[in-house]
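Peer 1: Here's my sequence, what's the structure:
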Amino acid sequence: MTSTPVVATQASTRSRALALIGGEATDANLRRYLHGIPGIDAVGLEQRAAALGTRSIKTSSKKRAIDTIIGLIDLTTLEGADTPGKVRSLVGKALTPDPVDPGCPRVAAVCVYGDMVPYAVEALGSAHAAGRDQGVSVASVATAFPSGRASLAVKLADVADAVAAGADEIDMVIDRGAFLSGRFGQVYDEIVAVKDACRRADGSVAHLKVILETGELGTYDNVRRASWLAILAGGDFIKTSTGKMQPAATLPVTLSMIEVVRDWHRLTGAKVGVKPAGGIRTSKDAIKYLVAVAETVGDEWLTPGLFRFGASSLLNDVLMQRQKMQGGHYSGPDYVTID
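Peer 2: This is a model prediction of the structure:
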């Protein structure tokens, strides 16, 4: 994922957003715009998601799908007990997912807490993407993840520290309390401020993923409104969940977000990414998400710049399925690492 020149890109995004909402990003203007978006037919959405989940694919297509999934994973460790050693091990797995198969693709990124970013950057060495299309990126959660309960000053310092340490991507959380209370202007302004804090001294900007924590939003309509709000404020990705609460990512919720991205692209020509995170543990489940993306916005979205899986255990299952397709049988329990 390449870094983006900040000034022109952010200015164009904000001017486009203000034009769409018909004025400044106040609670009243945003409420009028967001509540003017057609509501979601929950039954219809769930039926579409269920139908996508039953699509069958040929063995040759499944092989390609397995490798695609690996290349879209944000390999994640977000535990209070994380250590530099654990992060180095995570990076080792990111770079060489299958030690006996050098043809196995690398993951898209490693995702860690901000204080672990320097260790991830150091461990990646020359393989660190650092704004290039090639290599493995470093993503950092920020803004008082996972709750988002902190002052704006603390949140922005959190972001700035991670970016200064070498993070290529920032995964922020929105203030769900503000959103659910109708304080849309506050949520919008915080995302804009976080985007500004992603700026580097050279004028580039770390990519911003906006975590909605959909399990706390209550309804599909709220997920759709929060998705639009995050995009209007300049998010490069919209992300389902922190992975710290249930429900996390579900196919219907993710499909509703993909449809927002599709509608935004039709309206403006701009592309925004989607990241389902939490609860996607098997290659069978992950393939359903690939199908949903391909049939809703097209195969062009199946790149690390526009779609990611936030996962910790998914890679192990995908590697086991990959080994079975190559060798005809599942490997023993020691084939993949536990972490």
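
Peer 1: just checking, next helix/strand downstream of the helix or strand containing residue 138?
Peer 2: Secondary-structure assignment from DSSP states H and E places residue 138 in strand 137-141. Per DSSP H and E, strand 137-141 leads on to helix 152-164 as the next helix or strand towards the C-terminus.

Peer 1: how close does residue 273 get to residue 305?
Peer 2: 7 Å (Cβ to Cβ, to the nearest Å). Where C-beta positions appear, they are placed from N, C-alpha and C, glycine not excepted.

Peer 1: what pLDDT, on average, does the strand holding residue 138 get?
Peer 2: Mean per-residue pLDDT for strand 137-141: 98.

Peer 1: Can you tell me the strand partners of it and which way each runs?
Peer 2: Applying DSSP bridges, strand 137-141 is found paired with strand 109-113 (parallel), strand 169-173 (parallel).

Peer 1: can you redo these as JSON lines with mean neighbour count and distance to residue 103?
Peer 2: Listed next are those as JSON lines, based on neighbours: other Cβ atoms under 10 Å; distance: least, Cβ to Cβ, whole Å:
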{"stretch": "strand 109-113", "mean neighbour count": "27", "distance to residue 103": "20"}
{"stretch": "strand 169-173", "mean neighbour count": "27", "distance to residue 103": "26"}
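
Peer 1: Distance to residue 328 and mean pLDDT added to those, as TSV?
Peer 2: Formatted as TSV, the strands paired with strand 137-141 follow (distance: least, Cβ to Cβ, whole Å; pLDDT from 0 to 100):
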stretch	distance to residue 328	mean pLDDT
strand 109-113	32	98
strand 169-173	38	98
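
Peer 1: I'd like those as JSON lines, with distance to residue 250 appended.
Peer 2: Converted to JSON lines, those look like this (distance: least, Cβ to Cβ, whole Å):
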{"stretch": "strand 109-113", "distance to residue 250": "20"}
{"stretch": "strand 169-173", "distance to residue 250": "18"}
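
Peer 1: Dump stretch 275-285 to PDB, restricted to CA.
Peer 2: The C-alpha trace of stretch 275-285 is given here as PDB (Å, rounded to 0.1, in the frame of the first residue of the first chain):
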ATOM      1  CA  LYS A 275     -11.400  -4.700   6.300                       C
ATOM      2  CA  PRO A 276     -13.500  -7.300   8.100                       C
ATOM      3  CA  ALA A 277     -11.800  -8.200  11.400                       C
ATOM      4  CA  GLY A 278     -12.500 -10.600  14.200                       C
ATOM      5  CA  GLY A 279     -14.100 -14.100  13.900                       C
ATOM      6  CA  ILE A 280     -12.900 -15.100  10.500                       C
ATOM      7  CA  ARG A 281     -10.900 -18.200  11.300                       C
ATOM      8  CA  THR A 282     -11.200 -20.600   8.300                       C
ATOM      9  CA  SER A 283     -10.400 -20.500   4.700                       C
ATOM     10  CA  LYS A 284     -14.000 -21.600   3.900                       C
ATOM     11  CA  ASP A 285     -15.300 -18.500   5.700                       C
END
